[in-house]
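Student: heads up, no residue letters with this:
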């Protein structure tokens, strides 16, 4: 597993129980799909910072109209 290093002021929570997250924006044909997310930080402005199992970092700006995810089998459906 890739080591997560956070040198920002942001606090991240563990969302590794999720198989994926999918953000849907107004007037957008293509949703933003993040597979195997591990860490999440929600800023005071509403943006989401996500670290995934491939070691990629994502920033999702406030403004989506729908967010969906699927929990891994046997994992909690909501963590926060």
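Tutor: Structure's in. What do you need? Here the structure is a predicted model, which means the values were calculated and not measured. Residues are numbered from 1 along each chain as shown.

Student: secondary structure class for the spatially most central residue of the chain?
Tutor: With distances taken as C-alpha atoms, centre = their mean, residue 50 lies nearest the centre of the chain, 4.3 Å away. Residue 50 falls in the strand class when you classify it by DSSP: H, G, I helix; E, B strand; the rest coil.

Student: Excluding residues flanking it in the chain, which one is nearest it?
Tutor: Nearest-residue entry for residue 50: residue 58, 4.4 Å, with adjacent residues in sequence omitted and distances by C-beta to C-beta, 6 or more residues apart in numbering. Quick note: C-beta positions are derived from backbone N, CA and C, even for glycine.

Student: Give me the residues contacting the helix or strand harbouring the one you found.
Tutor: Element membership of residue 58, judged by DSSP states H and E, is strand 57-60. Strand 57-60 has contacts (C-beta atoms under 8 Å, 6 or more residues apart in numbering) with 23, 32, 34, 47, 48, 49, 50, 51, 52.

Student: next one: stretch 71-80
Tutor: With C-beta under 8 Å, 6+ apart, stretch 71-80 has contacts from 13, 14, 15, 17, 18, 19, 40.

Student: One more pass at 6 Å, please.
Tutor: Stretch 71-80 is contacted from outside by 13, 15, 17, 18, 19, using C-beta atoms under 6 Å, 6 or more residues apart in numbering.

Student: Return the angle between stretch directions for the least confident helix or strand in the chain by mean pLDDT and strand 48-52.
Tutor: Using mean pLDDT, DSSP states H and E, the weakest-scoring helix or strand in the chain turns out to be strand 66-71, at a mean of 89. Counting by axes from the mean of the first three to the mean of the last three C-alpha atoms, to 10 degrees, strand 66-71 lies at 30 degrees to strand 48-52.
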